[in-house]
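Visitor: Need a 3D model of the following:
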Amino acid sequence: MGSATRSKVFDVQPFRHLYVHVPFCRHKCGYCDFNAYAGMDRLMPDYVDALELELVFARERYPFQQLETVYFGGGTPSLLPPTLAARLLAFIRGTFNVAPDAEVTLEANPASTDEAKIASWLDGGVNRLSLGVQGFDPKALAVLERRTDASQATRAFALARAMGVRNISIDLIYAVPYQSKATWLDTLGRAVALDPDHVSTYCLSFEEGTLLYRRRAEGRVPEVDADLQWDQLDAACVELAAAGFRRYEVSNWARAGFESRHNQAYWRCRPVYGAGAGAHSYATDGATAWRWWNVARPREYIAAAPTTKADGEELEPRKAAAESLMLGLRTTDGMVAPSGFDGELVKLERAGLIQRVSGRVSPTRRGLDLHNQIALAVL
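Guide: Sure, this is the predicted structure:
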């Protein structure tokens, strides 16, 4: 960010949401384009040191109020040894005013979830677990290079529930090469049978630079039929609704009261501070917004602490409003539309992608399924 941005960032609205990035993985899956690294476990103690330095620096530099959500994402946060996880959780509670009813989420891989780790998470205040199941079909998991299986996912879920985790979300991926509608229906059925509180279903994307992208380009994995992809999304809508889940966002379903409060902060463009390697922060003073991000590589992040910011940008009011509209229209609740987008909204309504009810605009089922068209129209 330029000097003007740096001088104004102190006037932003207070942060009530904290994201903490843990970039370590046992193995980087072929489809993954996240800021994640395998084979760097030895850096974990130094990385937690750097996180603590950054968080103290952030607290002194930016306005924070009582935290409503804390989210540990990755990478694989569940790889942290119990002692380091407990230390980091205690440090955050000692450094910030965390609300008694704050939603504290930790992403976990079933293969690295065990009794000692769950105990450390619960003792540290984690009350929501996001399990990266991704699927139950061995062939689909092999394509994704997931080094976990259905039995590990089932075991991890049952263990977490038995130990007292009352809010568990599971992630699933559809439109995977060689994944049929029948195997996807079986995955949905097995997921529902676990009785989770929240389900996220993501359409597989082939991101440039990933191993899976190269394999498709080389003809080693096939293209996914568009009609099959649509059928799998529709199957998720039908099966999850029948099981009592409400689709409240493009890719997310929840039982009543279990919607992700942290993710809703993003969709509502609330200020979120992102700590850790490659983490992004978003701040606003109401009309103008700022986005900045940290040094991405763990070693460089550790060396840079506490001043870990790599770069950023200022979003002028029109762009900030457009992003707010695009993100708000990811949710079934929708939003009160910002001014200046009447033409775009009329076109979207005529296309059957949005609807207007009681002064709010919200996506239709078609709009949820084709949200990329909404994004293209407003951005």
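Visitor: Please name the nearest non-neighbouring residue to L348.
Guide: Using C-beta to C-beta, 6 or more residues apart in numbering and skipping the chain neighbours, the partner closest in space to L348 is I354 (4.6 Å). C-beta coordinates here come from the backbone N, C-alpha and C atoms, glycine included.
Visitor: Quick check: that neighbour vs V20, distance?
Guide: As judged by C-beta to C-beta, to the nearest Å, I354 and V20 stand 34 Å apart.
Visitor: Over to R166?
Guide: Applying C-beta to C-beta, the value for R166 to V20 is 22 Å.
Visitor: More neighbours: these two, which one.
Guide: Neighbours were tallied for R166 and for V20 using other C-beta atoms under 10 Å; the higher tally belongs to V20 (22 against 11).
Visitor: Hmm, L79 and S112 touching each other?
Guide: Yes. Applying C-beta atoms under 8 Å, one finds S112 in contact with L79, separated by 5.2 Å.
Visitor: what residues are shared contacts of the two?
Guide: The contact sets of S112 and L79 overlap at R26 (C-beta atoms under 8 Å, 6 or more residues apart in numbering).
Visitor: so which strand or helix has L18?
Guide: Using DSSP states H and E, the element containing L18 is strand 15-22.
Visitor: Could I get the average pLDDT for the helix or strand that that strand is followed by?
Guide: Going down the chain from strand 15-22, the next helix or strand is strand 24-25, by DSSP H and E. Mean per-residue pLDDT for strand 24-25: 95.
Visitor: Equivalent analysis for stretch 241-254, please.
Guide: Mean pLDDT, computed over stretch 241-254, is 98.
Visitor: buried sites along that stretch?
Guide: Judged by neighbour count using 16 or more other C-beta atoms under 10 Å, the buried positions of stretch 241-254 are 243, 245, 247-254.
Visitor: what about the chain, any weak spots by pLDDT?
Guide: Along the chain, segments meeting pLDDT under 70 span 1-10.
Visitor: Geometric centre of it: which residue is closest?
Guide: A centroid search over the chain (C-alpha atoms, centre = their mean) returns N263, at 6.7 Å, as the residue closest to the centre.
Visitor: Run a quick check on that residue versus Y248, I expect a contact.
Guide: No. Contact between N263 and Y248 fails when scored by C-beta under 8 Å: they sit 9.8 Å apart.
Visitor: so which helix or strand takes in the nearest residue to I92 once chain neighbours are set aside?
Guide: Excluding the flanking residues, the one nearest I92 by C-beta to C-beta, 6+ apart is V70, at 6.3 Å. Per DSSP H and E: V70 is located in strand 64-74.
Visitor: Sweet, I'm off.
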